[in-house]
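*Asks:* What follows is a predicted protein model with its sequence.
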Amino acid sequence: GLDPAIDRYLDAVAACRARDGGDAYPGSPWLLAYALRAQDRIAACELQAEEAHALKANFVDEPRIAVHARDGYAAMKALLPPRFGDTRFNRGLVLVDPPTGEVSVYDAVDETETRIGTYGPVDTVAGDGRFAYLRTGARTTVIDSGAWTFDHGDHYHYFTSSPAQVATLDLPVASVTSSNSTVAVRSETGATELLMRERLGQKSVQRSPLTPPADAAVVAPYGSRVVTVTADGRIWVTDAAGSAVVPGECRQASWAVPTRRAVLFGCDTGAIRVTGGEKNLTVTAAPYPADAPARRPTRMHHRARADVVAGVADGTVWMLDSRQRSWTVLPIADAVAANTAGDGTILVLHRDGGLSAHDALTRTETARTALFANPVPPSGFQPVIEIDSDRAYVNDAAARAVYEIDYADGLRIARTLRTDVSPGLMVEAGR
């Protein structure tokens with residue numbers, strides 16, 4: 001007789017031809033579907049739109065199979081981990097009502113909201129994927145979202161704990177950058193504190209033993225090291241042995257974004273990408289286009305760890321693909337916020353309350369949906385687009401709502417999350 005594996009394969013082919021005709025040939029998705037047990041689920045990812053449509057049609061009556069029109073490698077982070085027993089390793093949203101400083105953590109998986117406390121007026125919030133940093137006057141209140149991901153390079157570990165306030169810092173946060181081990185908290189005046197990130201989860205503030213150059217303009221942790229751009233445009237790397245200059249230049253540094261493989265810095269003539277793992281670092285420049293507007297973004301946003309970032313400056317949306325060293329510049333006069341998943345799509349929130357998607361290659365609008373009931377006022381706290389590998393989230397303070405957007409499905413509003421706290425400020429965590 002034949003090997004049992006061959007028998008199972010021939011049974012699957014016969015079942016496929018019984019349903020779809022004698023010339024039908026089952027592909028890998030069909031073979032996996034045929035082998036499904038009652039408790040199994042499949043998430044099938046297909047990047048080509050026509051093939052994805054055909055795949056969805058093939059499994060339209062199978063509730064255990066979900067088809068995603070997207071890159072499978074990018075989708076893994078969003079679709080994993082699954083529920084384990086009664087535990088779901090969630091992604092949360094830290095919500096802040098700026099006038100009162102009322103803070104909650106919203107679990108977007110279970111649709112539950114945990115109130116953390118009230119801390120007085122808050123005018124800025126920054127996040128590092130686990131912690132939210134609230135500027136409360138001259139100090140910073142640190143909130144643990146209770147959900148985070150540890151990136152080991154070739155795999156992820158997911159963790160959960162109880163959301164809580166964990167620390168207060170004696171400087172007013174303007175921005176944060178972080179690695180798995182270290183977070184750099186920076187104020188508007190340029191003062192920077194390097195903290196041991198894991199200790200914050202233990203409600204302890206411990207300074208990093210690393211000491212970057214004193215005249216730092218922008219600081220970003222990178223693995224076990226810290227990369228710094230100083231006021232004179234020089235680039236430094238600091239580790240346990242001290243600080244050393246890295247060949248390259250970045251004058252008038254304005255922002256920093258750590259990705260999974262690099263650290264990006266915004267400079268006067270473009271951006272630089274610093275890479276190198278544990279070896280000597282390499283600096284690669286991504287110059288602005290020759291015809292780019294003079295006003296450039298001072299802050300960029302991205303999906304956690306992605307190499308593609310986006311920002312807004314004076315009616316222009318900017319996207320940088322740091323791997324390709326290429327910029328996409330879109331004149332969108334009423335742009336309020338922008339972000340990108342790194343898949344060639346730019347999401348833009350408009351002043352009229354609508355959300356649009358744009359193809360970075362063709363520079364065309366590919367989808368649009370209405371979100372806000374009323375236009376977004378030009379004054380006051382502006383909504384943001386937080387994005388991960390599966391969904392985008394847009395906060396609407398007036399409606400006490402967060403809109404969850406399936407950006408891979410024509411900007412479909414997947415859910416409207418109703419919140420107790422008015423979400424004038426928001427960061428996503430658990431990524």
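*Replies:* Now that the structure is in, tell me what you want to look at. Numbers count the residues shown, from 1 in each chain.

*Asks:* where does the stretch 251-400 of the chain dip in pLDDT?
*Replies:* Where the stretch 251-400 of the chain drops to pLDDT under 70, the residues are 277-279.

*Asks:* Determine the next helix or strand in the C-terminal direction from the helix ranked longest in the chain.
*Replies:* Ranked by residue count under DSSP state H, the longest helix found in the chain is helix 4-20. Per DSSP states H and E, the first helix or strand lying C-terminal to helix 4-20 is helix 28-34.

*Asks:* mind listing what's buried in that following helix?
*Replies:* Pro29, Trp30, Ala33 (16 or more other CB atoms under 10 Å). For the C-beta atoms, the positions are set from N, CA and C on the backbone; glycine is no exception.

*Asks:* got the contact list for Thr177?
*Replies:* Counting by CB atoms under 8 Å, 6 or more residues apart in numbering, Thr177 touches Asp128, Val183, Ala184, Arg186, Val219, Ala220, Pro221, Ala256, Val257, Pro258, Val263.

*Asks:* would JSON lines of those with neighbour count be doable?
*Replies:* What follows is these, written out as JSON lines (neighbours: other CB atoms under 10 Å):
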{"residue": "Asp128", "neighbour count": "26"}
{"residue": "Val183", "neighbour count": "25"}
{"residue": "Ala184", "neighbour count": "27"}
{"residue": "Arg186", "neighbour count": "23"}
{"residue": "Val219", "neighbour count": "28"}
{"residue": "Ala220", "neighbour count": "26"}
{"residue": "Pro221", "neighbour count": "28"}
{"residue": "Ala256", "neighbour count": "27"}
{"residue": "Val257", "neighbour count": "24"}
{"residue": "Pro258", "neighbour count": "22"}
{"residue": "Val263", "neighbour count": "29"}
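
*Asks:* Report pLDDT for Leu195.
*Replies:* Leu195 carries a pLDDT score of 97 in this model.

*Asks:* Contacts only, for Arg415.
*Replies:* Contacts for Arg415 (CB under 8 Å, 6+ apart) come out as Glu111, Tyr403, Glu404.

*Asks:* If we use 7 Å, what do you get?
*Replies:* Residues near Arg415 by CB atoms under 7 Å, 6 or more residues apart in numbering: Glu404.

*Asks:* If I look at it, what pLDDT would I see?
*Replies:* 92.

*Asks:* After the strand or helix carrying it, heading C-terminal, what element do we hit next?
*Replies:* In this assignment (DSSP H and E), Arg415 forms part of strand 412-418. Using DSSP H and E, the helix or strand that follows strand 412-418 in sequence is strand 425-429.

*Asks:* Let me see the backbone angles for the closest residue to Glu46 other than its chain neighbours.
*Replies:* In this structure, Glu46 finds its nearest non-sequential neighbour in Ala52, 4.0 Å apart by CB to CB, 6 or more residues apart in numbering. Main-chain dihedrals, Ala52, degrees, to the nearest 10: phi -60, psi -40.

*Asks:* count of neighbours near Ala52?
*Replies:* By other CB atoms under 10 Å, 18 other residues sit near Ala52.

*Asks:* Isn't it up against Gly72?
*Replies:* No. If you go by CB atoms under 7 Å, Ala52 and Gly72 don't touch, sitting 11.0 Å apart.

*Asks:* ok, back up a step: only the buried residues of the longest helix of the chain, if you could.
*Replies:* Tyr9, Ala12, Cys16.

*Asks:* what's it in contact with?
*Replies:* Ala24, Pro26, Trp30, Leu31, Tyr34.

*Asks:* Of the residues you listed, just say which sits nearest to Gly242.
*Replies:* Closest approach between the contacts of helix 4-20 and Gly242, by CB to CB: Leu31, at 56.6 Å.

*Asks:* ok, the closest residue to the closest one other than its chain neighbours to Val219 distance?
*Replies:* Nearest residue to Leu31, sequence neighbours excluded (CB to CB, 6+ apart): Ala12, at 5.4 Å. Going from Ala12 to Val219 by CB to CB, to the nearest Å gives 56 Å.

*Asks:* what about Trp327, how many residues close to it?
*Replies:* 19.

*Asks:* and stretch 20-29, average pLDDT?
*Replies:* In this model, stretch 20-29 carries a mean pLDDT of 87.

*Asks:* Quote the end-to-end distance of it.
*Replies:* 15 Å (CA to CA, to the nearest Å).

*Asks:* which parts of that stretch are buried?
*Replies:* Pro26, Pro29.

*Asks:* cool, stretch 238-248 as well?
*Replies:* Buried residues in stretch 238-248 (16+ other CB under 10 Å): Thr238, Ser243, Val246, Gly248.

*Asks:* can I assume the last one is in contact with Val283?
*Replies:* So that's Gly248. Yes. Contact status for Gly248 versus Val283: in contact at 3.1 Å, counting by CB under 7 Å.

*Asks:* starting at the chain centroid, how far to stretch 353-364?
*Replies:* How far stretch 353-364 lies from its chain's middle: 18 Å, per CA atoms, centre = their mean, to the nearest Å.

*Asks:* Now Val427: closest residue in space that isn't a chain neighbour?
*Replies:* Nearest to Val427 is Gly127, by CB to CB, 6+ apart, at 3.2 Å.

*Asks:* Ala429 is in contact with that neighbour, correct?
*Replies:* Yes. In this structure, Gly127 is within contact of Ala429 by CB under 7 Å, at 6.1 Å.

*Asks:* For the two, list the residues in contact with both.
*Replies:* With CB under 7 Å, 6+ apart, Gly127 and Ala429 have common neighbours Val94.

*Asks:* If you count surrounding residues, which of these two has more?
*Replies:* More neighbours surround Ala429 than the other of Gly127 and Ala429, with 26 against 21 (other CB under 10 Å).

*Asks:* pLDDT score assigned to the more buried one?
*Replies:* Looking at Ala429, its pLDDT is 91.

*Asks:* about what we covered before: among the buried residues of stretch 238-248, which lie within helices?
*Replies:* Using DSSP H, none of the buried residues of stretch 238-248 sit in helices.

*Asks:* roughly how far apart are the spatially closest residue to Trp255 that is not a sequence neighbour and Leu320?
*Replies:* Nearest non-adjacent residue to Trp255, counting by CB to CB, 6+ apart: Gly266, 4.2 Å away. Distance, Gly266 to Leu320, using CB to CB: 9 Å.
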